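>>> Got a sequence here, can you build the structure:
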Amino acid sequence: MLDLSRMDCLGAALRDAVIKFKPNTALLEAQRLRENARFSYRELQTEAERISSLLVEAGFEPGDRCAILMSNQARWVISAFGALWAGAVLVPVDYKLTAAEQLAVLKHAEPKALITEYGIWQSLVPVDYKLTAAEQLAVLKHAEPKALITEYGIWQSLERDPSKSPEPASMRVIVSEPPANAQLGAAIAWQTAARAPFHYVPRKRDDLASIVYSSGTGGTPKGCMLTHDAYLLQAEVLGTLVPMSESDVYFSVLPTNHAIDFMCGVIIPFLYGASVAHQRTLRPEFLSPTMKRYGVTHTALVPRILKALRDRIEENIAELPEWQQTAIRALTQLNDLATMREPKPWLSRTLLKPIHDRFGGRLRLIVAGGAFVDPDLASYFYRLGFPVLIGYGLTETVTVLTCNDLKPFRADTVGKPIKGVELRLRDPDAQGVGEVCARSRTIMRGYFKNAALTAEVMEDGWFRTGDLGMVDASGHLRLLGRKKNMIVTAGGKNVYPEDVEAAFDAVPCEELSVFAERFIWPKLELRGEGLCIVLRPKPEIGLDAALSAIRAANHKLVDWKRVSSYVVAPAEFPKTASMKVKREQLAAALRAQVAGPLPLSSSPQH
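Prediction:
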């Protein structure tokens, strides 16, 4: 059982862990098929203390903000530890955002320091808007950027007399992995030796630990202010629910700035003395070798990656002789029966050894979240002996509000509220469907610099999630979709796009999403609210095959859930860090590029 009640802050808990587990391997980093880096807990401590000292040398004080903008790698974790030990408020920034979006987050957060990679820094060319015009021009002259994204007022100031501009303090930038001959200007290299001795800076439970920016599905960044108390409470509950051991290895696949990976891939493993493996290249063909090399036991994945893994497994099985395929199906059914009440990893690995060996032979838990998890997809992996822990939460709630405990496994819900969380449904309809609201010490303090938006989502101490759900007889929460995404048909039926999309899981396409036709094209001729499926078919299979599969699945739906039209997306869907589709951005792109939907069949569906 994990007991963090005596810890005053997240930094103290992690510092206690690195001292306790000094000889253990803390961090493993793979680059394609080779190992890129390895750190023991002792080495992690030394490196993190150096980063902490560098921040203090730069004038860092307790409560100052430190942004981390890096891909998944060991240095991300080391930087976070160092920043926390310097008393910083972490500002994790998604490395998958565009440079313009990253700059917008940095401008809003106003961090005193930024720790980033050389390649990202080069694409950003972060020019502090608080510098004088002369200083800004000097940075631009030195960086020689091919493009500049700025504001009209700042641009105008660059053409005036620079000597009249004010001189506020600038942001310290620490850059990792710069080339030997790189000109860093005012930035310093991550490897720079610290001159000042290390001094641990304690924080209190009620102090801010991080400001995590959530783009949600609306594409508007919001900085969620989360306290040390919230992180410690969540880690204690989840760490007790799913304990780890010193021999376990967590595989970090999701961006570390994401709430799920920060909790499951940074905090919990280190509190147990386990190891964390990062793969710098997340192409599918390199994931399995890394899992084999390090004997991965835990990982967190979004549904899109789970689908890709399922497809790969099915392709491998299809290549086997018929008798082996029959044997695998029989053993899968046997494993399903044997694990009906709870997972039995040792038995599953014995019955389905060839499949488990492809993932290293030790994988015993997949945490799924960040988006709607299709019950059939979760059940598929469970039948193979890979338990999928389904939870529900938001960035505003640290990580999760509810979680299935796998006793027994249920794929049709997101579980019961975890310890310390209260749920209620706001304005439930006749079917018991209402907006999910939560109350807990793990709820954010509010949105950074946005009291008005905070007031919109907080109501008498309850956080309004914006998700619609219902609670079944056993107390499990079932999610139906986002409140703002709900579609009301001409017949008065409520349709949730996420629910409909799950019915098309077997369609051979790269990605798909369901919209109300007039949500994308408001000026469409009024003829009832039709549903449109937006898809990108797989090139090797083609559009005709995809449409055929859509029509077959569509026929099995009740009439008010059937899609009546389709459109082929001209480009990849825009997504958040957790791979949720940014629906408003996708709709806007389609509106600008596509005249309207094409009928799926000649007969009306609504």
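>>> For the rest of this, base every contact and every neighbour count on C-alpha atoms.
OK.
>>> which residues in the stretch 101-250 of the chain form helices?
Using DSSP state H, counting those that start in this stretch, the helices of the stretch 101-250 of the chain run over residues 118-124, 133-143, 152-158, 228-241.
>>> comparing those, which gets the lowest mean pLDDT score?
Note on the helices of the stretch 101-250 of the chain: helix 152-158 shows the lowest mean pLDDT, a mean of 57.
>>> Dihedrals phi and psi, residue 70?
Main-chain dihedrals, residue 70, degrees, to the nearest 10: phi -150, psi 160.
>>> give the contact list for it.
76, 93-95, 115-117, 120 (CA atoms under 8 Å, 6 or more residues apart in numbering).
>>> again with residue 62
86-88, 201, 203.
>>> buried subset of the residues you listed?
86-88, 201, 203 (16 or more other CA atoms under 10 Å).
>>> and residue 405, which of the three is it?
Look at residue 405: counting by DSSP: H, G, I helix; E, B strand; the rest coil, its state is coil.
>>> meant to ask about residue 547
helix.
>>> In this structure residue 8 contacts residue 201, no?
No: look at residue 8 against residue 201 with CA atoms under 8 Å: they stay out of range, at 11.6 Å.
>>> ok so, going back, can you tell me which of the contacts of residue 62 is nearest residue 543?
Nearest to residue 543 out of the contacts of residue 62 is residue 88 (CA to CA; 51.2 Å).
>>> Can you tell me how far the closest one is from residue 62?
Noted for residue 88: a distance of 6 Å to residue 62, by CA to CA, to the nearest Å.
>>> Just give the number of residues close to residue 452.
10 (other CA atoms under 10 Å).
>>> got it, and residue 405?
18.
>>> same check, this time on residue 581
The tally of other residues near residue 581 (other CA under 10 Å) stands at 21.
>>> For the nearest residue to it once chain neighbours are set aside, give its distance to residue 511.
Closest residue to residue 581 apart from its sequence neighbours, by CA to CA, 6 or more residues apart in numbering: residue 575 at 4.5 Å. Distance, residue 575 to residue 511, using CA to CA: 11 Å.
>>> same check, this time on residue 264
In terms of CA to CA, residue 264 sits 27 Å off from residue 511.
>>> Those two: which has the busier surroundings?
Counted by other CA under 10 Å, residue 264 and residue 511 do not tie: residue 264 has more neighbours, with 25 against 17.
>>> ok, the nearest residue to the more buried one once chain neighbours are set aside - contacts?
Spatial nearest neighbour of residue 264, excluding adjacent residues (CA to CA, 6+ apart): residue 300 at 7.4 Å. Going by CA under 8 Å, 6+ apart, residue 300 touches 251-254, 260-261, 264, 366-369.
>>> Now whichever strand or helix holds residue 300: average pLDDT?
Per DSSP states H and E, residue 300 falls inside strand 298-301. Across strand 298-301, the average pLDDT comes to 92.
>>> With stretch 435-442 instead?
Rounded mean pLDDT across stretch 435-442 is 96.
>>> Among the contacts of residue 300, which ones are in strands?
251-252, 366-368 (DSSP state E).
>>> What is the burial count for the nearest residue to residue 433 once chain neighbours are set aside?
Distances taken as CA to CA, 6+ apart place residue 470 nearest to residue 433, at 4.9 Å, with adjacent residues excluded. Using other CA under 10 Å, residue 470 has 22 other residues around it.
>>> Buried residues, whatever helix or strand residue 470 lives in. List them.
Here residue 470, judged by DSSP H and E, is contained in strand 462-471. Residues of strand 462-471 classed as buried: 462-471 (neighbour count, 16+ other CA under 10 Å).
>>> Need the contact partners of that strand.
Contacts for strand 462-471 (CA under 8 Å, 6+ apart): 394, 425, 432-439, 443, 457-458, 477-484.
>>> Stretch 333-350 now?
Here stretch 333-350 makes contact (CA under 8 Å, 6+ apart) with 351, 356, 361, 364, 382-387, 406-409.
>>> swap the cut-off to 10 Å and go again
With contact meaning CA atoms under 10 Å, 6 or more residues apart in numbering, stretch 333-350 is reached by 327-332, 351-353, 355-357, 361-365, 379-380, 382-387, 405-410.
>>> Show the end-to-end separation of that stretch, please.
14 Å.
>>> pLDDT averaged over that stretch - what is it?
94.
>>> mind checking how far it is from the chain centre?
Centre-to-centre, stretch 333-350 and its host chain are 29 Å apart (CA atoms, centre = their mean, to the nearest Å).
>>> List the buried residues of it.
Residues of stretch 333-350 classed as buried: 335-336, 339-340, 343-345, 348-349 (neighbour count, 16+ other CA under 10 Å).
>>> domain parsing for this protein?
Following automatic domain parsing, the chain resolves into domains at 127-170, 302-483, 491-599.
>>> Compile those into CSV and extend it with columns for distance to residue 285.
Below are the domains of the chain laid out as CSV (distance: least, CA to CA, whole Å):
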stretch, distance to residue 285
domain 127-170, 34
domain 302-483, 10
domain 491-599, 17
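>>> what about stretch 318-330, average pLDDT?
The model assigns stretch 318-330 a mean pLDDT of 94.
>>> that older thread, could I get the contacts of residue 300 in JSON lines, plus columns for distance to residue 416 and pLDDT?
Converted to JSON lines, the contacts of residue 300 look like this (distance: CA to CA, whole Å; pLDDT from 0 to 100):
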{"residue": "251", "distance to residue 416": "26", "pLDDT": "96"}
{"residue": "252", "distance to residue 416": "26", "pLDDT": "93"}
{"residue": "253", "distance to residue 416": "26", "pLDDT": "87"}
{"residue": "254", "distance to residue 416": "24", "pLDDT": "85"}
{"residue": "260", "distance to residue 416": "18", "pLDDT": "89"}
{"residue": "261", "distance to residue 416": "21", "pLDDT": "91"}
{"residue": "264", "distance to residue 416": "19", "pLDDT": "93"}
{"residue": "366", "distance to residue 416": "18", "pLDDT": "94"}
{"residue": "367", "distance to residue 416": "16", "pLDDT": "92"}
{"residue": "368", "distance to residue 416": "15", "pLDDT": "86"}
{"residue": "369", "distance to residue 416": "15", "pLDDT": "66"}
